[in-house]
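S.K.: Prediction below, plus the sequence it came from.
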Amino acid sequence: MRRIQIGIVGVGNCASSLVQGLQYYKEKTPEEAIGLMHWEVGGYRPFDIEVAAAFDIDQRKVGKDVNEAIFAPPNCTEIFCSEIPPAGVPVRMGCILDGFSEHMQGYADAQTFLPATDPQPTREDVVRVLKESGVEVLLNYLPVGSEEATRFYAECALAAGCAFVNNIPVFIASDPAWAGRFEAAGLPIIGDDIKAQLGATITHRTLVDLFRRRGVKLERTYQLNTGGNTDFLNMLNHTRLASKKESKTEAVQSVAGVRLADTDIHIGPSDYVPWQQDNKVCFIRMEGKLFGDVAMNIEMRLSVEDSPNSAGVAIDAIRCAKLALDRGQGGVLHGPSSYFCKHPPRQVTDDAAHNDVELFISGASEGVDEIPPLDDGKQVLVAG
C-alpha cells in the first residue's frame with residue numbers, strides 16, 4: 001500500500017486532531033466515515049498518511065513520541081481517539097524565532113507556553129531530519145503571526161524537496177516570489193490559512209454569496225469570534241494579527257461582488273475566554289436592503305470545536321499535495337488552495353473552487369487559467 005510521509009511544524013491542537021483522525025479512520029469503512037469531504041483522493045485514504053517528523057518548542061512536547069505529545073498541555077482539543085500506538089517519531093526541538101508571543105508565559109500552567117531549553121536547530125539540521133525521515137509533505141501549524149518562523153520552514157521544505165501546506169495566515173503561496181520559487185523547484189504548495197470544514201469563514205462566505213445571488217444589497221457586516229485555546233491566547237497580542245485579519249476579511253470580500261468599505265466590514269478574533277478551551281463561538285451579523293430598499297438583517301451564532309473542524313480539510317490538502325508530487329507538478333495548486341484556504345493566490349467562489357478540486361483530483365485539469373466570473377459578470381477579487 002502507498003503511504004504519504006508528512007512532517008508537522010507545531011504539535012498543537014490542530015496537529016492533535018489531525019493525528020487522532022489518522023488513527024480514528026483506520027477503524028471505519030467508507031460508509032461509516034463521517035466528517036470527510038473525500039474518503040479517497042487519488043488512491044490515498046486518510047490512514048495512508050503517516051507522521052515521519054515533528055517539531056515543537058514547548059518543553060512538555062519536545063522529546064516525546066508525537067502520538068503522546070499531541071495530548072500534552074497546553075493542548076485542549078477534544079479527544080475522540082485516545083488509543084493511539086506509539087509512532088516511533090520523537091518531537092524534535094524547533095527553531096523559535098517569532099514562533100510564540102512573550103505574553104503567553106503569564107498564564108496558568110495548563111494554558112501557558114513553556115519554552116524548551118534544548119538547542120535550536122539550524123536550517124541544515126531541519127533539512128537533514130526531513131530528508132532522513134523521508135518527509136514528502138511539510139505542514140505548517142505555527143501560531144498566527146509567526147512570519148519569520150514560517151519563512152524558515154518554507155526554506156527548509158524547498159531545500160529538502162518537500163511539498164508545503166501552509167495552514168496559517170503568513171503569505172507564502174499567495175506571495176508571487178515564494179510561489180515562483182516552489183514552481184522553479186518543482187514542488188507543490190497549498191496555502192494560505194486553512195479554512196475549517198464548516199467554520200466562521202466558510203459560513204460567512206456562503207451567506208455573503210447568497211445575498212449577492214438573491215439580489216440583496218449587503219451594506220455592513222461583522223464576524224466576532226471567541227475561544228479558549230492557545231490560538232486565541234496568542235492573538236491577544238494584536239501586533240500578530242495583521243495577516244489574520246487580512247486573510248479572513250479578503251475571504252469574505254472576494255465573494256461580495258462589490259467591495260464593502262473598510263468601515264462597513266469587521267472580521268477577526270474578538271477575545272480569549274479560557275473556559276471555552278478549544279470551543280470556538282462565532283457571531284455573524286449582516287445588514288442589507290431587499291426589494292424596494294426595505295431593510296433586513298440576519299444574526300447567527302456558530303459553535304464548533306475549532307481544531308477537529310480543520311483536520312479533515314488538512315487531510316485532503318495533504319493528499320492533493322502528494323498527488324501533485326506523484327504527477328511531477330510544482331508551484332501553487334490553485335484549485336486546492338482556493339477550496340481549502342482563506343487567502344489563496346486566486347479567490348473564486350466556493351462552487352468554482354470545489355469544481356477545480358474535483359478536476360484536479362481526477363487528473364482532468366486544475367481548472368481554467370482565467371478567473372471564473374461571478375453570476376452577474378463581475379470578476380472575483382484576487383487576494384494577495
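M.R.: Ah, there it is.
S.K.: What helix or strand is E50 located in?
M.R.: strand 49-56 (DSSP states H and E).
S.K.: what lines up beside that strand in the sheet?
M.R.: strand 4-9 (parallel), strand 91-93 (parallel) (DSSP bridges).
S.K.: Show the subsequent helix or strand relative to the longest one.
M.R.: Past strand 4-9, further along toward the C-terminus, the next helix or strand under DSSP H and E is helix 13-24.
S.K.: same check, this time on the shortest one
M.R.: Towards the C-terminus, the helix or strand next in line after strand 91-93, according to DSSP H and E, is helix 123-132.
S.K.: can you tell me the average pLDDT over that next one?
M.R.: Mean pLDDT, helix 123-132: 98.
S.K.: Same check on stretch 11-21?
M.R.: Rounded mean pLDDT across stretch 11-21 is 98.
S.K.: next one: stretch 152-171
M.R.: 98.
S.K.: Relative to its centre, which residue of this protein is most distant?
M.R.: What lies farthest from the middle of the chain is G292; by C-alpha atoms, centre = their mean that is 41.0 Å.
S.K.: Check for me that that residue belongs to a strand.
M.R.: No: G292 is assigned helix when assessed by DSSP: H, G, I helix; E, B strand; the rest coil, not a strand.
S.K.: Next one: it from R285, what distance?
M.R.: G292 is 22 Å from R285, where distance means C-beta to C-beta, to the nearest Å. All C-beta spots, glycine's among them, are computed from the backbone N, C-alpha and C.
S.K.: from the middle of its chain, how far away would the first helix or strand past the strand holding E50 going along the chain be?
M.R.: Going down the chain from strand 49-56, the next helix or strand is helix 66-69, by DSSP H and E. In this view, helix 66-69 has its centroid 21 Å away from the chain centroid, taken as C-alpha atoms, centre = their mean, to the nearest Å.
S.K.: With stretch 189-201 instead?
M.R.: 5 Å.
S.K.: Give me the buried positions along it.
M.R.: For stretch 189-201, burial by neighbour count (16 or more other C-beta atoms under 10 Å) applies to 189-197, 199-201.
S.K.: Straight-line length of it, end to end?
M.R.: From its first residue to its last, stretch 189-201 covers 22 Å (C-alpha to C-alpha, to the nearest Å).
S.K.: again, but for stretch 77-97
M.R.: 26 Å.
S.K.: swap in stretch 172-179?
M.R.: 7 Å.
S.K.: now stretch 300-314
M.R.: Terminal-residue distance, stretch 300-314 (C-alpha to C-alpha): 26 Å.
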